[in-house]
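Q: Kindly return the folded structure for what I paste below:
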Amino acid sequence: MADPAKIAIRASTQEHLEIEDIQDGIVILKDGSCCLVLATTAINFGLLSEKEQEATIYAYAGLLNSLNFTIQIVIRSARKDVSHYLSLLEEREEKEKRQLIKGQIASYRQFIQETVQKNNVLDKKFYLVIPMTSLELGVTKTLKKTAARQKNLPFDKSYLLQQAKINLYPKRDHLLRQLSRLGLKTHQLNSQELIRLFFDIYNPESGGQQMTDSKQYQTPLVKAAFTPKPENPPPQEESSILNQISNLVSQQKEIKANDENANSIP
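A: Numbering: from 1, shown residues only. Down below sits the predicted model:
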């Protein structure tokens, strides 16, 4: 019977996902299409005055009328993790010396705990997806089917990334300008944020699991406890010796000049 540890892995979860790679904040799909994701804030429309509501509606209508490309609006609701916020309240309560403020913080922390236990506190996040289909690159149905059978991209990945930047960046800048008129703060998700987003989508039970940033892998985990001493100590720098000689020469010149001045006085 073959050893299970020596059997090569023939399939993985990655084969069941449509994502091929994520580079420079752009998602590359297996059929050659690409997209980028914008994260935006929200407006509490009910708290606006009547004039502000009308201005917001007109601005949103102007945004929709200005689009000559497709976008996807995604509203994602996830359970809010308030454990970090509760720990901050607990630390603040321990540091507070005034009993009145300390009691108020304790009652507020207890209220938050009971609210979270009785109700599901949801956090809504809003995203705008700007796609670029493979048809915009001239990929025919025959080429797409051939690439799908061979499990390869229809074009080279660097070429797809370059064309995606040329196609998607002007659309992104146009959306950012239109959304700023609505008073919304919008930014493009980078590669690390996209990985975090897709990880949470495909692993909803992960909770607040932290992911290590790729930059942290560049820092060595083990460092030398001491610096080894060189076998032969370096010789004394010549510059220090020259400085001492120049100082002595200048002192001798000053003494000689003072003697000459003293002799010249009648």
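Q: If you count contacts, what does the strand or helix carrying S180 end up packed against?
A: Element membership for S180, per DSSP states H and E: helix 157-181. With contacts defined as 3 or more C-beta pairs under 8 Å, 6 or more residues apart in numbering; DSSP states H and E, helix 157-181 has these neighbours: strand 19-23, strand 26-29, strand 34-40, helix 50-66, strand 122-132, strand 186-188. No exception for glycine: its C-beta is placed from N, CA and C like everyone else's.
Q: looking at the protein, which helix or strand does the model trust least?
A: Lowest mean confidence among the helices and strands of the chain (mean pLDDT, DSSP states H and E): helix 141-150, at a mean of 54.
Q: rewinding a little: ok, and for the helix holding S180, which residues are buried?
A: 160-161, 163-165, 167-168, 171-172, 174-176, 178-179 (16 or more other C-beta atoms under 10 Å).
Q: that older thread, in CSV: the helices and strands packed on helix 157-181, plus mean pLDDT.
A: Output for the helices and strands packed on helix 157-181, formatted as CSV (pLDDT from 0 to 100):
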stretch, mean pLDDT
strand 19-23, 89
strand 26-29, 92
strand 34-40, 94
helix 50-66, 92
strand 122-132, 91
strand 186-188, 94
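Q: With distance to S77 and mean neighbour count added, can I get these in CSV?
A: Putting these into CSV (distance: least, C-beta to C-beta, whole Å; neighbours: other C-beta atoms under 10 Å) gives the following:
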stretch, distance to S77, mean neighbour count
strand 19-23, 22, 16
strand 26-29, 21, 21
strand 34-40, 15, 20
helix 50-66, 21, 12
strand 122-132, 5, 16
strand 186-188, 19, 16
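Q: Apart from its chain neighbours, what residue comes closest to D31?
A: Once flanking residues are discounted, D31 sits nearest to S134: 5.3 Å by C-beta to C-beta, 6 or more residues apart in numbering.
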